[in-house]
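Colleague: Sequence and predicted structure below; questions after.
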Amino acid sequence: ATGVETARFAALPNQKDGGSRQRSRDGRRMLEVADGLVSVVELPSGRRTATLRSENAILSADGRRIVMNDFLDNGHRLSVADAATGTLIVEKEYPIASRLSLAISPDGSSLLVLHNDNPWEIWDTDTLTRRHGLAGSDGSTHGVYDPTGRPVLFGRVDNVVTVHHVATGAVLSEMTVPIDIESVDFSATGNQIAFQYNGVVEVYEVGSPRLRALVNNVETGSFALTPDGMKLATGHSDGAIQIWDTSTGRLLEVLRGHRKEIVTLDFSMDGTFLLADVTDGTASIWELALDRRPPAEIAQLAEQVGWKLVDGALIPRR
C-alpha cells in the first residue's frame, strides 16, 4: 500500500444533520459548519482561530473569504467574512422567497448566484452587488467555478454543460454528456471534469464528449480528481476509499481506516494528500506518495501513526 492515514480530526456534532467541512486549496485552513456555528481551523495544528454564527457557509478555495447564507421569514441574509480573522465585511438581506444557490470563485472575489426564476448571475463578493448575467443560463440548475475561476453551469434537461467567461458571462465552451448530472469535480487545471450520477462517475476532457474513465458502484456520491486529473478517489458506504487510474479505469488501491460512510473527499494541491470526511463526524488525512519519501522518513512515519513497515509498505497493525 502507498496510502497511509497520517491524521484524524475530532468528531463534528450532528454530521448527518448538516455538519460539514471544507478545506482551502493549500490545505492550511478548514471550515467546519455544525449546529449553527461556523469555525475556522488552521491545519495541521487543528487550532480554531475564529467562530461565527450561521447555518450555511462556504469557503473560497484560497481560504480568504467565508460566505454565509441564512434563511429568514421573508427571504435570506447573506454575510461575507474574512476567514483569517472572522471579521464581518458585509451583510445584506434579500427578499428572495425561492431557493438561493451560491458558489464562490477560487480567489473569493466573485459569487455565482441563482435566485427566484432569474438566470444565473455574477456578484461581487465584498459588496454583494450584481456584476452581470451569464449568457444562455436559462434552465441550468447547478453552478460551480472551475479551479481557474471560470463559471460552469449544468443540470439542464438536455445534459448540456457550459463554461463561461467570468468577466463577460459569454459562453466559452459547451459539451453534452449522456447522463443526468448530480455533481462535478475538476482537475486543478480545469481541463478534466468528472460527473457523478446514480452511483457512476465519468471523467471527460472539458469541452469534449470523449469518455476518459468510468467508475461504477460509488454509493455515497463522494469523489475527487487529483490536480493532474490522472487519478480519481471514490468514497464508499463501508468507509473504504478507492483510488482509480483515469487513463485506464483500473483500480490502483483501496484505503481502509474508517467504518462509516465517506461523505466528501478532497486532494491537496500536489495530489500527495487526501482529506476524507466521514458520517461519524471525523475527518482524516491520507498520504498517497510514500514512494517519494526516503526509507528513514517512512519508518519514522510508521512509528508516528501506529502502522508497521513490511517490505517497504505501510500496513495497519492487527
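Modeller: Arrived safely. Here the structure is a predicted model, which is why all the values come from computation and not from measurement.
Colleague: which residues sit in contact with Thr226?
Modeller: By C-beta atoms under 8 Å, 6 or more residues apart in numbering, the contact set of Thr226 is Ser187, Leu232, Ala233, Phe267, Gly271. Where C-beta positions appear, they are placed from N, C-alpha and C, glycine not excepted.
Colleague: what's the farthest-apart pair in those?
Modeller: With C-beta to C-beta as the measure, no two of these lie farther apart than Ser187 and Ala233, at 12.6 Å.
Colleague: Specify the beta-bridge partners of the spatially most central residue of the chain.
Modeller: In the chain, the C-alpha nearest the mean C-alpha coordinate belongs to Asp266, at 5.9 Å (C-alpha atoms, centre = their mean). Asp266 has these beta-bridge partners by DSSP bridges: Leu275.
Colleague: can you tell me the helix or strand for Ile285?
Modeller: strand 283-287 (DSSP states H and E).
Colleague: just checking, what packs against that strand?
Modeller: When contacts are defined as 3 or more C-beta pairs under 8 Å, 6 or more residues apart in numbering; DSSP states H and E, strand 283-287 sits against strand 4-9, strand 273-278.
Colleague: tell me which residues of stretch 79-86 are tucked away?
Modeller: By neighbour count, with 16 or more other C-beta atoms under 10 Å as the criterion, the buried positions of stretch 79-86 are Ser79, Val80, Ala81, Asp82, Ala83.
Colleague: which residues sit against it?
Modeller: Residues from elsewhere that reach stretch 79-86, judged by C-beta under 8 Å, 6+ apart: 24, 29, 31, 40, 49-52, 54, 59-60, 63-68, 70, 87-91, 125-126, 128.
Colleague: Among the residues you listed, name the ones in strands.
Modeller: 29, 31, 40, 49-52, 59, 65-68, 70, 88-91 (DSSP state E).
Colleague: which of these are buried?
Modeller: Buried among the ones in strands among the contacts of stretch 79-86 by 16+ other C-beta under 10 Å: Arg29, Leu31, Val40, Ala50, Leu52, Leu59, Arg65, Ile66, Val67, Met68, Asp70.
Colleague: remind me which residues of the stretch 51-200 of the chain are low pLDDT?
Modeller: Confidence mapping of the stretch 51-200 of the chain against pLDDT under 70 gives the ranges 96-98, 116-117, 155-158, 178-180.
Colleague: Adding distance to Val278, write the buried residues of stretch 79-86 out as JSON lines.
Modeller: Compiled in JSON lines, the buried residues of stretch 79-86 are given as follows (distance: C-beta to C-beta, whole Å):
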{"residue": "Ser79", "distance to Val278": "29"}
{"residue": "Val80", "distance to Val278": "30"}
{"residue": "Ala81", "distance to Val278": "27"}
{"residue": "Asp82", "distance to Val278": "29"}
{"residue": "Ala83", "distance to Val278": "24"}
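Colleague: so which pair among the residues you listed is furthest apart in space?
Modeller: With C-beta to C-beta as the measure, no two of the buried residues of stretch 79-86 lie farther apart than Ser79 and Ala83, at 12.6 Å.
Colleague: from the buried ones among the ones in strands among the contacts of stretch 79-86, which single one is nearest His164?
Modeller: Closest to His164 out of those is Val67 (19.6 Å), distances taken as C-beta to C-beta.
Colleague: any idea how far Gly75 is from Asp126?
Modeller: Relative to Asp126, Gly75 is positioned 21 Å away (C-beta to C-beta, to the nearest Å).
Colleague: do Arg99 as well
Modeller: When distances are taken as C-beta to C-beta, Arg99 and Asp126 turn out to be 24 Å apart.
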